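J.: Coordinates only, no sequence provided:
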């Protein structure tokens with residue numbers, strides 16, 4: 001996929017992505033892929049680093065591995081969503097949960113540009129929908145098992 005295709009009217013453009021990946025080669029490849037697709041991206045190698053670097057409003061999307069050392073990607077997402085409604089792409093080799101996690105897209109490793117572009121398109125659509133409802137929307141609940149809705153991904 002070319003960057004022109006990634007920025008077609010039906011796709012998303014110029015998202016600011018915070019990538020959290022403990023494998024330095026995967027982190028570098030993810031950052032390069034995001035830039036090829038026309039997005040701005042920065043990365044950190046731990047959830048703690050992401051919490052230190054995160055500023056509300058500075059990022060449009062969190063792209064996180066699940067199996068991070070110390071604090072997991074799920075725990076990181078829970079902490080960040082308690083602060084703001086941030087769309088999340090879980091880029092992982094882990095099995096997708098039976099019950100989808102609100103505001104997230106599951107991206108299975110290894111992934112290609114097409115799969116990454118599709119995940120970004122999905123979170124951009126959700127982000128647009130949430131922005132349109134923002135005055136009426138309640139804060140996003142934490143990603144605890146009890147708070148996970150039973151909706152189906154499109």
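T.: Received, thanks. Keep in mind that what you see is a predicted model, and the values were worked out from it rather than measured.
J.: next SSE after the helix or strand bottoming out on mean pLDDT in the chain?
T.: Of all helical and strand segments in the chain, the minimum by mean pLDDT, DSSP states H and E falls on helix 3-6, at a mean of 40. Once the chain leaves helix 3-6, the next helix or strand it forms, by DSSP states H and E, is strand 16-20.
J.: Quick check: neighbours of that next one in the sheet, parallel or antiparallel?
T.: Strand pairing for strand 16-20, determined by DSSP bridges: strand 40-44 (parallel), strand 61-64 (parallel).
J.: now the helices for this structure?
T.: Taking DSSP state H as the criterion, the chain carries its helices at 3-6, 24-36, 47-53, 73-83, 113-133.
J.: Deepest-packed of those, please.
T.: helix 73-83 (a mean of 20; mean count of other C-beta atoms under 10 Å). For the C-beta atoms, the positions are set from N, CA and C on the backbone; glycine is no exception.
J.: Could you give the average pLDDT over that helix?
T.: Per-residue pLDDT over helix 73-83 has a mean of 92.
J.: now for that helix, which elements pack on it?
T.: helix 47-53, strand 61-64, strand 88-92 (3 or more C-beta pairs under 8 Å, 6 or more residues apart in numbering; DSSP states H and E).
J.: so which of the helices of the chain comes closest to residue 97?
T.: For residue 97, the closest of these is helix 73-83, at 9.3 Å, according to C-beta to C-beta.
J.: which residues sit against that closest one?
T.: With C-beta atoms under 8 Å, 6 or more residues apart in numbering as the test, helix 73-83 has contacts from 20, 47, 50-51, 54, 56, 62, 64-68, 71, 86, 88, 90, 92, 101, 103-104, 140, 142-144.
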